[in-house]
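Peer 1: All I have is the shape, not the residue letters:
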């Protein structure tokens, strides 16, 4: 059964539909931004851990080289 609505009702329905579309678009955009931020934070943590591991390996290597150099000098 098809109902015919008045012009003002159709305009109100269209306006509400547009408003709903904007609302859901904003929600999707916010979720996407949050997803990007989480990915960025995860990458930052991963890179920081890799950098710290490399710095520690470099310190150990430098210490070993220094100890080897001192033992040869003795």
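Peer 2: Nice, I can see it. Since we're looking at a predicted model, the values are computed, not measured.
Peer 1: what bits of this protein have low per-residue confidence?
Peer 2: The chain contains residues with pLDDT under 70 at 1-2, 74.
Peer 1: could you redo the last one with a cut-off of 50?
Peer 2: Of all residues in the chain, none has pLDDT under 50.
Peer 1: In this protein, mark out all the helices, start to finish.
Peer 2: For the chain, the helices defined by DSSP state H cover 7-73.
Peer 1: Look up phi and psi at residue 6.
Peer 2: Torsion angles at residue 6 (phi, psi; degrees, to the nearest 10) stand at phi -70, psi 160.
Peer 1: Okay, it and residue 13: tell me how far apart.
Peer 2: 10 Å (C-beta to C-beta, to the nearest Å). No exception for glycine: its C-beta is placed from N, CA and C like everyone else's.
Peer 1: Same check on residue 44?
Peer 2: Remark: distance between residue 44 and residue 13 (C-beta to C-beta) = 47 Å.
Peer 1: With residue 49 instead?
Peer 2: Distance from residue 49 to residue 13, counting by C-beta to C-beta: 54 Å.
Peer 1: Could you report the neighbour count for residue 58?
Peer 2: A count of neighbours around residue 58, defined by other C-beta atoms under 10 Å, yields 10.
Peer 1: go on, residue 6?
Peer 2: The tally of other residues near residue 6 (other C-beta under 10 Å) stands at 8.
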